[in-house]
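In: Give me a 3D structure for the following:
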Amino acid sequence: MHRLATSFVLGYHGCDKSVAERLLAGEPFQKSINDYDWLGHGIYFWEANPRRGREFAAELRDASWGPDITTPAVVGAIIDLGHCLDLMTSAGIRQIQAAYETYISNCGVAGYEPLKNSTDIHKLRRPLDCAVFAHLHEIRTDNNEPAVDTVRGIFVEGDPAYAGAGFRAKTHIQICVCNTFNIKGVFRVPEEQLV
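Out: Down below sits the predicted model:
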């Protein structure tokens with residue numbers, strides 16, 4: 001956990017248009033509690049990338065899993081990172097590595113097979129990662145450490161941006177808000193930011 005980066009960021013939540021309108025009208029966000037969530041349970045945002053948020057909503061519309069989306073949309077939010085488990089820092093990576101080690105140990109003691117992430121080309125379902133984050137939250141609670149408000153990570157995803165590129169077309173920074181208090185405001189994304 002650290003406060004080495006700017007505390008407030010703009011995040012973009014891909015969803016159905018009806019959900020976006022309800023959020024803009026003041027309805028609270030609902031946490032994702034899927035067993036395959038990349039950064040554990042919480043509310044997911046694309047940092048500084050409204051277009052990718054809406055693109056993801058369109059991908060979900062066409063997928064056989066996930067929420068029902070008829071009209072892809074995106075809503076913006078002002079997020080206070082607070083106690084941020086930042087996976088773009090060495091300290092954040094060390095914490096999640098330690099949680100993984102104790103998760104694996106606990107599975108062995110209990111006689112359970114550890115969960116595994118999907119191995120398909122997209123690697124979108126990540127039950128192992130979700131379980132490790134849940135375990136990390138348990139460790140912090142058991143040790144009377146402050147709760148994690150947000151988790152932030154970079155994901156290298158998609159096809160190469162161009163032939164021979166070291167960059168991927170869908171690479172992004174994802175924020176999982178664990179503490180809804182850290183969502184400080186919601187706003188409509190101007191259409192010109194989505195083209």
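In: And the least confident helix or strand in the chain by mean pLDDT, what's buried?
Out: In the chain, no helix or strand scores lower on mean pLDDT, DSSP states H and E than helix 50-62, which sits at a mean of 92. Burial within helix 50-62, assessed by neighbour count using 16 or more other C-beta atoms under 10 Å, is assigned to 50, 52-57, 59-61. Every C-beta, even on glycine, is put in place using the N, C-alpha and C of the backbone.
In: ok, so of those, who is nearest Ile93?
Out: Closest to Ile93 out of the buried residues of helix 50-62 is Arg52 (23.5 Å), distances taken as C-beta to C-beta.
In: Would you mark the buried spots in the longest helix anywhere in the chain?
Out: Identified as the longest helix of the chain according to DSSP state H is helix 90-110. Across helix 90-110, burial judged by 16+ other C-beta under 10 Å covers 92, 95-96, 99-100, 103.
In: Kindly state the beta-bridge partners for the most centrally placed residue in the chain.
Out: The centre of the chain sits closest to Cys176, judged by C-alpha atoms, centre = their mean, with a distance of 3.8 Å. Beta-bridge partners recorded for Cys176 (DSSP bridges): Tyr44, Val151.
In: ok, now which ones touch the closest residue in space to Lys116 that isn't next to it in sequence?
Out: Of all residues not flanking Lys116 in the chain, Leu128 sits nearest, at 5.4 Å (C-beta to C-beta, 6 or more residues apart in numbering). Contacts for Leu128 were tallied using C-beta atoms under 8 Å, 6 or more residues apart in numbering; they are 114-117.
In: Redo the residues you listed as JSON lines? Include distance to Phe45, pLDDT and neighbour count.
Out: Output for the contacts of Leu128, formatted as JSON lines (distance: C-beta to C-beta, whole Å; pLDDT from 0 to 100; neighbours: other C-beta atoms under 10 Å):
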{"residue": "Pro114", "distance to Phe45": "28", "pLDDT": "97", "neighbour count": "15"}
{"residue": "Leu115", "distance to Phe45": "24", "pLDDT": "95", "neighbour count": "16"}
{"residue": "Lys116", "distance to Phe45": "26", "pLDDT": "94", "neighbour count": "11"}
{"residue": "Asn117", "distance to Phe45": "21", "pLDDT": "92", "neighbour count": "16"}
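In: Between all of those residues, which two are separated the most?
Out: Distance extremes for the contacts of Leu128: the farthest pair is Pro114 and Asn117 at 10.5 Å, using C-beta to C-beta.
In: And the strands in the chain?
Out: 8-16, 43-47, 72-80, 84-86, 150-155, 172-177, 183-188 (DSSP state E).
In: Thanks a lot, catch you later.
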